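*Asks:* This is a predicted model, with the sequence first.
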Amino acid sequence: MGSKRKLFPARRAAYSPCVPHDPPATNDDGSPDEESGGLRKIIHVDMDAFFASVEQRDNPQLRGKPVAVGGSSGRGVVAAASYEARKFGVKSAMPSVTAKRLCPDLIFVKSRFDAYREASRQIRAVFEHHTPLVEPLSLDEAYLDVTEDRLGIGSATRIAELIRQEIRAKTQLTASAGVSYNKFLAKLASDQNKPDGLCVIRPGEGAAFVATLPIRRFHGVGPKAEVKMKRLGIETGADLAGKDIAFLRANFGSFADYLFRAARGIDLRPVRPHRIRKSVGGERTFSQDIGAAGALRDTLEEIIDIVWERIERAEARGRTVTLKLKYTDFRINTRAKSIPPRAHSPQGDWIEDKARFATMSRELLEEALPLPMPIRLMGLTLSNLDRGGSGQDGDREPPGDTAQLSLL
Ligand code: TTP
Ligand code: MG
Ligand code: MG
């Protein structure tokens, strides 16, 4: 354990301790390396404190200060926190009131999605310069398969460093990168030495790396799965590796195979450059059932805010809004509203602004009132998406293809 610590010290270390060697995927002559079983070279890049860094870049007065992007009042939540703010414990998805209490000098800034989208386009161009195999996960991160890179550089570590430099030059922003032989490990690695860090996990090191990790750091394990795992006595990668596949299937269904492999540092998912997403949404399970119309309307507003933020992040536009209600007897009621494609325009008409999304969502709830009984869950989804847009997201999404994300 002690020696592992040395190889991979705690995240947030100032400089990557990870040895800058490459996962050997091929021999010098380019033939597949027998020993490594023809492993792939994967890089995961993720921008540091993305929205907050863009704000600090564009407004020098914010530099070096604790900054939160998001609404400061009432129901506001922190979308992004600068690293100065994180020292106080401020983080994404935290209610703004809590953030202010933790850090009274916190400066709140409104989000400017156009600026984030522009930076996102710039970093994607940098990725594309090195490989066509780019799978964006959200505006600020992507997986890259550089087993055969466009420029013939060959070293994934070198490519990752070049990408970080090019991003800095083009955007004046910092990115962290993880290099490894699969997506799961590369994503863990990019998080290891944030901000402005690099970490390489080489073949043979994956299982040991994963063993010490708290399960919350496994991509796809959200707060709810974490609670469930802890109840089952699973706190670390090693605990997870100790469970057999039958146990995992019984408790986690289709998520089990991914977890089983991940606990061993194995991940067979390819980098998919053209992932098509069918919907964007989120749902919320309540600690106490809700039945009163006023409380239902308030809850809907919260979900509208959060889901719309996801829609913006995914750069998705769609035609159908679906409201999902789960009653206390577990019956599920879904109702949907769509806007028809506009006849005179091949491009059609889309739900492109929050007001329209909110109005349609509210209509759906009003039509459902009064409810026959209280509900334990409410969710909203935007579907019938524009195939032309990237329609990709999934930062907090379980890595399954069809998994509907749960936000809260
Ligand atoms: P992240 O990459 O998760 O976080 P980050 O870039 O702010 O910080 P880190 O250095 O740890 O990577 O998310 C990217 C952006 O997505 C983030 O800047 C704001 C937005 N976001 C939200 O709007 N809500 C959220 O709950 C999270 C986690 C992120
Ligand atoms: Mg980030
Ligand atoms: Mg990210």
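*Replies:* Received the coordinates, thanks. Ligands and ions are numbered 1, 2, ... in the order given.

*Asks:* how near is the nearest residue to residue 174 once chain neighbours are set aside to ligand 2?
*Replies:* Distances taken as CB to CB, 6 or more residues apart in numbering place residue 196 nearest to residue 174, at 4.3 Å, with adjacent residues excluded. Backbone N, C-alpha and C define where each C-beta goes, glycine included. Using CB to the ion, to the nearest Å, residue 196 is found at 12 Å from ligand 2.

*Asks:* pretty sure residue 196 contacts residue 173?
*Replies:* No: in this structure, residue 196 is not within contact of residue 173 by CB atoms under 8 Å, at 9.9 Å.

*Asks:* Need the overlap of contacts for those two.
*Replies:* residue 48 (CB atoms under 8 Å, 6 or more residues apart in numbering).

*Asks:* These two - which one has more neighbours?
*Replies:* Counted by other CB atoms under 10 Å, residue 196 and residue 173 do not tie: residue 173 has more neighbours, with 20 against 17.

*Asks:* Can you give me the end-to-end span of stretch 196-203?
*Replies:* Taking CA to CA, to the nearest Å, stretch 196-203 runs 24 Å from one end to the other.

*Asks:* That one near ligand 1 at all?
*Replies:* No: residues of stretch 196-203 are not located near ligand 1 by CB under 6 Å from any ligand atom, the shortest gap being 9.4 Å.

*Asks:* ok, now stretch 54-62?
*Replies:* No: Stretch 54-62 lies out of reach of ligand 1 by CB under 6 Å from any ligand atom, never closer than 8.2 Å.

*Asks:* how long is that stretch from one end to the other?
*Replies:* End-to-end distance for stretch 54-62: 10 Å, by CA to CA.

*Asks:* same question, stretch 146-163
*Replies:* Per CA to CA, stretch 146-163 runs 12 Å from first to last residue.

*Asks:* What are the buried residues along it?
*Replies:* Under the neighbour-count criterion of 16 or more other CB atoms under 10 Å, stretch 146-163 has 146-147, 149, 154-157, 159-160, 162-163 buried.

*Asks:* now swap in stretch 237-255 and tell me
*Replies:* 237-241, 243, 248, 251-252, 255.

*Asks:* average pLDDT for that stretch?
*Replies:* Averaging pLDDT along stretch 237-255 yields 94.

*Asks:* ok, for residue 360, nearest residue in space, not its chain neighbours?
*Replies:* Closest to residue 360 by CB to CB, 6+ apart is residue 321, at 4.5 Å.

*Asks:* Could you pull up phi and psi at that neighbour?
*Replies:* For residue 321, the backbone dihedrals are phi -110, psi 130 (criterion: degrees, to the nearest 10).

*Asks:* Tell me if I'm right that it and residue 350 touch.
*Replies:* No: Residue 321 is beyond contact range of residue 350, at 11.7 Å (criterion: CB under 8 Å).

*Asks:* more neighbours, the two?
*Replies:* A direct count of neighbours by other CB under 10 Å for residue 321 and residue 350 places residue 321 higher, at 27 against 19.
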